[in-house]
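S.K.: Generate a structure from the sequence data that follows.
(2 chains)
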Amino acid sequence: MTNVLTQPRPIRLKGRSFLALALSPELPFEDWLARLDDLAARSAGFFLRRPVVLDIDGLDIDRNELRELVGQLGKRNVRIMGIEGARPSLLGADLPPGMTDGRPASDFEAPAEAVETAEPRAEEETVERVVSAEPVLARAMPSMIVTEPVRSGQSLFFPEGDVTVIGSVASGAEVVAGGSIHVYGTLRGRALAGTTGDASARIFCRKLEAELIAIDGFYQTAEDMEPDLRGQAVQIWLEGETVKTGILG
Amino acid sequence: MGKVVVITSGKGGVGKTTTSAALGAALAQGGEKVVVVDFDVGLRNLDLVMGAERRVVYDLVNVIQGEAKLAQALIRDKRVETLYLLPASQTRDKDNLTPEGVEKVVAALKSAFDWVICDSPAGIERGATLAMRHADTAIVVTNPEVSSVRDSDRIIGLLDSKTLKAENGERMEKHLLLTRYDPARAERGDMLKVDDVLEILSIPLLGIIPESMDVLKASNVGAPVTLADGGSAPARAYFDAARRLKGEALPVTVPGEKRSFFGKIFGRKAA
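M.R.: Residues are numbered from 1 along each chain as shown, chains lettered A, B, ... in the order given. I've put the predicted structure just below:
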């Protein structure tokens, strides 16, 4: 027997970006950890409660060495939320998850002063930097223009802003955008707009044959779409929690 | 230097091997020096379709592993003397194909032949990616039905990202060959129409091969259809496709229709 879904409301999945501190360890780890201890000695609270991502891109280490490093950092109260640049085989259930597509933000300044004064100052300074970096990220709304058809099996991921496809999006392909999605061709695959929480994002296409569309986590499959909208030029937007589709004149 | 052509599709059973043999034989009959290479290690068929299965001594894997020289593994066709076959191994598997080995073999063939036609296995794994890796041109074989079209679309994406040409920032030349086309069934709506397939895949059309008993008959007697019965409808379609592959601007006709689709289809710009 299959379970009957009594709740018609789907679970919302949203993307969100946070600013994390990226640590790039160097070999040999003993020396690097010694320098880290030195930094911690100058500012005990520097890593405290801060999300830290370990960037091990280009390091020739095995799983045991990585586990050892994460353990060593844990002893120093540096908790790793994710690992960037690792081969999938390096990561296991006992290690933090792998992370990809990191984008650089403004650098954190390591505190240089002595213990007595440095701690509160460093804390203040970095908090300020984090805050000042955020509005910049939110304001900048870059867009991506794709001049080739998006082929089956391809996934276009652009959380920063709008995606414009000059061509079609094939069945089995997907476009994921933080902003709106424009398809100057037939939309046969999936289009997920406003994935970083933008409910005002819209999807436009010259011909609707989509398998799935979603805005800000609210989705609709081909089955849920009005049959007479198929093959039409449409725009799709969100009204409250309802996905609306209108024919473009 | 010869031209390396990969015959690929993603989906199995659409006519890659038939096409490799038929196009290879068509080009060779025009006087070009041609080698067809079977990349389907473990499931080789090209030797059967070419009628050379009783003459296979060494194969592609032997050459790659250094157990035989390339010249020992090449089989010359008994009917057309400029046509050669490099068979696959039936007893090994695709893990025996190494990128370096394939590169060396393709480079050697390229310098000795006008055309190196690589018959790709189905799927998107090692065998298929290695077969397309060194290609200058790709022929995407597609049947007029939705699953074949979607798999072809996936392959086109790989041709544009996983090949040497793509990695060097060059553009891979891609052609669509529509096989097993039945005009009556397309008219009834049981099959996708030529225009529908072109609209989805948006690559230029190399030819349309009609569904025909002649293809099955030819492979059963171990001859490429262009050698078995040169006057049959599929053979004529393959001869025309070979001329277009050589760069001739020949109008594409839809089997069963007298009207030429030239302006409408072959002249269409790929999006």
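S.K.: how many neighbours does A:Pro97 have?
M.R.: Residues lying near A:Pro97 (other CB atoms under 10 Å in any protein chain shown) number 11. Using the backbone N, CA and C atoms, a C-beta is placed for each residue, glycine as well.
S.K.: Spell out which parts of chain A neighbour chain B.
M.R.: A:148-149, A:151-154, A:166-168, A:170-173, A:185-186, A:188 (CB under 8 Å from any CB of the partner chain).
S.K.: So which of those residues are in strands?
M.R.: If you go by DSSP state E, the residues of chain A next to chain B have A:185-186 in strands.
S.K.: ok, the residues of chain A next to chain B vs chain B, which is closest?
M.R.: Using CB to the nearest CB, A:Arg151 is the member of those that sits closest to chain B, with 3.2 Å.
S.K.: Quick one, grab the pLDDT at that closest one.
M.R.: The model reports A:Arg151 with a pLDDT of 95.
S.K.: what do you get for B:Pro144?
M.R.: Per-residue confidence (pLDDT) for B:Pro144: 95.
S.K.: go on, B:Trp115?
M.R.: 97.
S.K.: Pull the contacting residues for the nearest residue to it once chain neighbours are set aside.
M.R.: Counting by CB to CB, 6 or more residues apart in numbering or on different chains, B:Trp115 lies nearest to B:Val34, which is 4.6 Å off, once chain neighbours are set aside. If you count contacts by CB atoms under 8 Å, 6 or more residues apart in numbering or on different chains, B:Val34 has them with B:24-25, B:27-28, B:82-84, B:113-115, B:117.
S.K.: got it, and B:Thr82?
M.R.: B:28, B:31-34.
S.K.: hey, which helix or strand in the chain has the poorest pLDDT?
M.R.: Went with chain A since none was named. helix A:115-139 (a mean of 41; mean pLDDT, DSSP states H and E).
S.K.: let's do chain B instead
M.R.: That would be, for chain B by mean pLDDT, DSSP H and E, helix B:183-188 at a mean of 88.
S.K.: of the residues of chain A next to chain B, buried ones?
M.R.: A:148-149, A:151-154, A:167-168, A:170-173, A:185-186, A:188 (16 or more other CB atoms under 10 Å in any protein chain shown).
S.K.: Next to chain A, which bits of the stretch 151-271 of chain B? Give me the list.
M.R.: Residues of the stretch 151-271 of chain B found near chain A (CB under 8 Å from any CB) are B:151, B:153-154, B:156-158, B:160, B:199-200, B:202, B:271.
S.K.: Find the pair from those residues with maximum spatial separation.
M.R.: Maximum pairwise distance among these (CB to CB): 20.8 Å, between B:Leu158 and B:Glu199.
S.K.: Counting neighbours, which bits of stretch A:53-73 end up buried?
M.R.: A:53-56, A:59, A:61, A:66, A:69-70, A:72-73.
S.K.: which residues in chain A form helices?
M.R.: Applying DSSP state H to chain A gives helices spanning A:29-42, A:63-75, A:115-139.
S.K.: tell me how far the ends of stretch A:148-163 are from each other?
M.R.: Distance between the two ends of stretch A:148-163: 13 Å, counting by CA to CA, to the nearest Å.
S.K.: That stretch: how far from the chain's middle?
M.R.: 14 Å (CA atoms, centre = their mean, to the nearest Å).
S.K.: Give me the contact list for it.
M.R.: A:15, A:17, A:101, A:140-144, A:146, A:165, A:167-182, A:185, A:189, A:195-196, B:150-151, B:153-154, B:156-158, B:160, B:202, B:271.
S.K.: could I have the least confident helix or strand of chain B exported to CSV, CA atoms only?
M.R.: Extracted in CSV, the C-alpha atoms of helix B:183-188 (Å, rounded to 0.1, in the frame of the first residue of the first chain):
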residue,chain,number,x,y,z
PRO,B,183,6.6,8.8,-43.0
ALA,B,184,3.3,7.1,-42.7
ARG,B,185,3.6,6.7,-38.9
ALA,B,186,4.9,10.3,-38.5
GLU,B,187,1.8,11.5,-40.5
ARG,B,188,-0.4,9.5,-38.1
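S.K.: Which secondary structure elements does it sit against?
M.R.: Counting contacts by 3 or more CB pairs under 8 Å, 6 or more residues apart in numbering or on different chains; DSSP states H and E, helix B:183-188 packs against no other helix or strand.
S.K.: what comes up buried for that helix?
M.R.: Those would be B:183, B:186, for helix B:183-188 by 16+ other CB under 10 Å.
S.K.: Equivalent analysis for stretch A:224-236, please.
M.R.: Buried, per 16+ other CB under 10 Å, within stretch A:224-236: A:225, A:232, A:234-236.
S.K.: got it, and stretch A:85-94?
M.R.: A:85-86, A:90-91.
S.K.: Out of those residues, which is nearest to B:Met172?
M.R.: Distances from B:Met172 to the buried residues of stretch A:85-94, taken by CB to CB, are shortest for A:Gly85, at 29.6 Å.
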